[in-house]
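Q: What follows is a predicted protein model with its sequence.
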Amino acid sequence: MAGVDVRPGQAQCTVAVDLEGQVLTSDGQQQEVSGKGLDYLTYKVLKEIGVSAVGKRLELLQEFQKLKKLRDHAIAGVSVDSLHYKVFNDRIHGQIELHPLCVRIIDTPQFQRLRYIKQLGCAYLVFPGAAHNRFEHSIGVCYLAESFCRTLQYRQPELNITEKDILCVQIAGLCHDLGHGPFSHMFDQLFIPTVRQGSEWKHEKASVDMFDHLIEANQLIDVFAKYGLDAQDINFIKELIKRGKKKPLRDTGRNKDKNFLYEIVANERNGIDVDKWDYFQRDCENLAISSSFDSRRFEKFCRVIEVDGEKQICTRDKEVANVYDMFYTRYSLHRRAYQHKVVKIIESMLVEALVKANDHFLVKGKEGNMLQMSEAIDDMVAYTNMTDDIILQIMRSDEPALAESRHILEMVQRRELYKFIGKTQPTQEHDHGMDFRKKNTVQKMDTMDQNTVEERDPMDQIKEDIIQAQKPEDMDGEPLEADQLIIHVRAVYLLYT
Ligand SMILES: [Zn+2]
């Protein structure tokens, strides 16, 4: 039994712990433990000071956890009465409880938009089960982010993970995919690079823009303040969302001691994060692909350790098989579903339809401005209306300028798909050292004249090779021409890359 004396709004509070016969010190006296001291009452400490029964130690630790929660809320000035958690029944994680601030974020048009964006984009047109949306995935990531934080907080009190830290990481998990466009990755990996060549835009940027817009449009800044989150915390949440691979660790949101918090939602150091844990389980379930990776177990074997002067989330050596299973699950999902050849063919057709519609299909943005789809990524009012249903809007329109797009979309509906004509594995000699995923052009040296450097699109070269390789007996009718060929570069990441 433990009691607490909490005075909200005060920077410190005093916690009195009544151990009911159990002792914190060898003389058996009731102790007054200051709020800060609670962080150091670990399992080991309890054992050292004479709490001999294992069950009692665990029971005490749980009580301390509740007290720490109250202490943190008191420090942040949050009224405990206002903390009405809401229960969601999630198909993957079961009954999950979410903080009222998360619920306020969920109940906005900017978040609800995720109900209309398929998690696996065009894969739904090949796998009938892949009908899940970004909405439920985001809630799942939010839940796992909290669970992971609490596990670390429980096992390593010395990390001083506060309730505010947990809430920030949770919100980052909830909002990390706010910026996805129609059909998820199809939009930022195929459509935008075609209509805005050279653009480095990625959905993570839009997630941050949409998060700002969500707070502003719904006047949530006061609600954030009500739950103890200020401008620095909002900054921290945005950093957690957009964390880039090559960005140095920054201290604007939290100090260096809390750098490990950046590895929970989007871990750019090793790719092991709760975002993947949710979508691996959710995608496998919906695609009926089995996976033996167990994120629950993995979470329990993680500890924060200082490596090369930086606090990082590490795992036990004996968990290597579980890590292998995680990356193997990723590989299987790519090979069997994400990169399925028919999925890629349909993606190519939808992108072609959207590109042809771009000049004629306009979306309403700020102050009633009508914008092209390619411009909507800069205007969050317009982008809020950009979901998978743009395809239906184009199909149902009778605008003559959209006829070509409509024709392609109708072909997809009638399953008159473009034909798959073959695949090849470029060798190192052939790829001239170029990265197909990143570069549109490659410099090709003319072997006859070393001074001549020709800029060439690698895709044009591949198309030319295919056209030249056509044999009259293979041509069923007319020979293929360059504009009838769509080259898809399949990027299946190898294990541990
Ligand atoms: Zn995600």
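A: In hand now; what should we look at?
Q: switch to C-alpha atoms for all contacts and neighbour counts from now on
A: Noted.
Q: Helices along the stretch 201-350 of the chain, start to end?
A: Taking DSSP state H, counting those that start in this stretch as the test, the helices found in the stretch 201-350 of the chain are 203-217, 221-226, 231-242, 274-287, 295-300, 320-333, 341-357.
Q: of all those, which lies closest to residue 384?
A: Judged by C-alpha to C-alpha, the one of the helices of the stretch 201-350 of the chain that comes nearest to residue 384 is helix 203-217, at 8.2 Å.
Q: relative to helix 231-242, how tilted is the closest one?
A: Relative orientation of helix 203-217 versus helix 231-242 (axes from the mean of the first three to the mean of the last three C-alpha atoms, to 10 degrees): 150 degrees.
Q: mind starting the numbering at 17 from now?
A: Right, with 17 as the first residue, what we last looked at is helix 219-233.
Q: what separates helix 219-233 from the chain centre, distance-wise?
A: 14 Å (C-alpha atoms, centre = their mean, to the nearest Å).
Q: picking that back up, using CSV, lay out the helices of the stretch 217-366 of the chain together with mean neighbour count, distance to residue 136 and mean pLDDT.
A: Shown next, in CSV, are the helices of the stretch 217-366 of the chain (neighbours: other C-alpha atoms under 10 Å; distance: least, C-alpha to C-alpha, whole Å; pLDDT from 0 to 100):
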stretch, mean neighbour count, distance to residue 136, mean pLDDT
helix 219-233, 20, 15, 96
helix 237-242, 16, 32, 96
helix 247-258, 20, 20, 93
helix 290-303, 21, 8, 97
helix 311-316, 15, 21, 94
helix 336-349, 17, 11, 94
helix 357-373, 20, 10, 95
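Q: With distance to residue 488 added, can I get the ones you listed in CSV?
A: Listed next are the helices of the stretch 217-366 of the chain as CSV, based on distance: least, C-alpha to C-alpha, whole Å:
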stretch, distance to residue 488
helix 219-233, 45
helix 237-242, 68
helix 247-258, 52
helix 290-303, 41
helix 311-316, 55
helix 336-349, 38
helix 357-373, 25
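Q: Could you list the low-confidence segments of the stretch 367-513 of the chain?
A: Within the stretch 367-513 of the chain, the ranges that satisfy pLDDT under 70 run 440-474, 489-493, 504-513.
Q: residue boundaries of the helices in it?
A: With DSSP H, counting those that start in this stretch as the criterion, the stretch 367-513 of the chain has helices spanning 396-400, 406-412, 419-429, 444-447, 474-485.
Q: For residue 377, give its distance to residue 186.
A: Applying C-alpha to C-alpha, to the nearest Å, the value for residue 377 to residue 186 is 37 Å.
Q: before we move on, the earlier item: got the helices of the stretch 367-513 of the chain as JSON lines, with mean neighbour count and distance to residue 358 columns?
A: Conversion of those to JSON lines gives the following (neighbours: other C-alpha atoms under 10 Å; distance: least, C-alpha to C-alpha, whole Å):
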{"stretch": "helix 396-400", "mean neighbour count": "23", "distance to residue 358": "28"}
{"stretch": "helix 406-412", "mean neighbour count": "15", "distance to residue 358": "18"}
{"stretch": "helix 419-429", "mean neighbour count": "18", "distance to residue 358": "11"}
{"stretch": "helix 444-447", "mean neighbour count": "10", "distance to residue 358": "25"}
{"stretch": "helix 474-485", "mean neighbour count": "14", "distance to residue 358": "20"}
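Q: I'd like those laid out as a markdown table, including distance to residue 77.
A: Listed next are these as a markdown table, based on distance: least, C-alpha to C-alpha, whole Å:
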| stretch | distance to residue 77 |
| --- | --- |
| helix 396-400 | 45 |
| helix 406-412 | 52 |
| helix 419-429 | 58 |
| helix 444-447 | 57 |
| helix 474-485 | 61 |
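Q: which phi and psi does residue 105 have?
A: phi -100, psi 100 (degrees, to the nearest 10).
Q: Now for it: which residues touch it?
A: 111, 112 (C-alpha atoms under 8 Å, 6 or more residues apart in numbering).
Q: distance of it from residue 155?
A: From residue 105 over to residue 155 the distance is 11 Å, taken as C-alpha to C-alpha.
Q: what sits in contact with each of the two?
A: Residues touching both residue 105 and residue 155 by C-alpha under 8 Å, 6+ apart: none at all.
Q: sec struct for residue 119, please.
A: The local conformation at residue 119, judged by DSSP: H, G, I helix; E, B strand; the rest coil, is helix.
Q: wait, residue 116 sits on residue 96?
A: No. Using C-alpha atoms under 8 Å as the test, residue 116 is too far from residue 96 to be in contact (11.4 Å).
Q: out of those two, which sits in the more crowded spot?
A: Shown here are residue 116 and residue 96; by other C-alpha atoms under 10 Å, residue 116 has more neighbours (16 against 13).
Q: Phi and psi next, for that one.
A: Dihedral angles (degrees, to the nearest 10) for residue 116: phi -60, psi -30.
Q: ok, it - contacts?
A: 99, 100, 101, 102.
Q: From residue 98, how far out is it?
A: Remark: distance between residue 116 and residue 98 (C-alpha to C-alpha) = 8 Å.
Q: Spit out the residues that contact the two alike.
A: The overlap between the contact sets of residue 116 and residue 98 (C-alpha under 8 Å, 6+ apart) is empty.
Q: Quick check: which of the helices of the stretch 217-366 of the chain is nearest to residue 89?
A: For the helices of the stretch 217-366 of the chain, proximity to residue 89 was assessed by C-alpha to C-alpha; helix 237-242 is nearest, at 10.7 Å.
Q: one step back: select, out of the helices of the stretch 217-366 of the chain, the one closest to residue 144.
A: With C-alpha to C-alpha, the closest approach to residue 144 among those belongs to helix 290-303: 8.2 Å.
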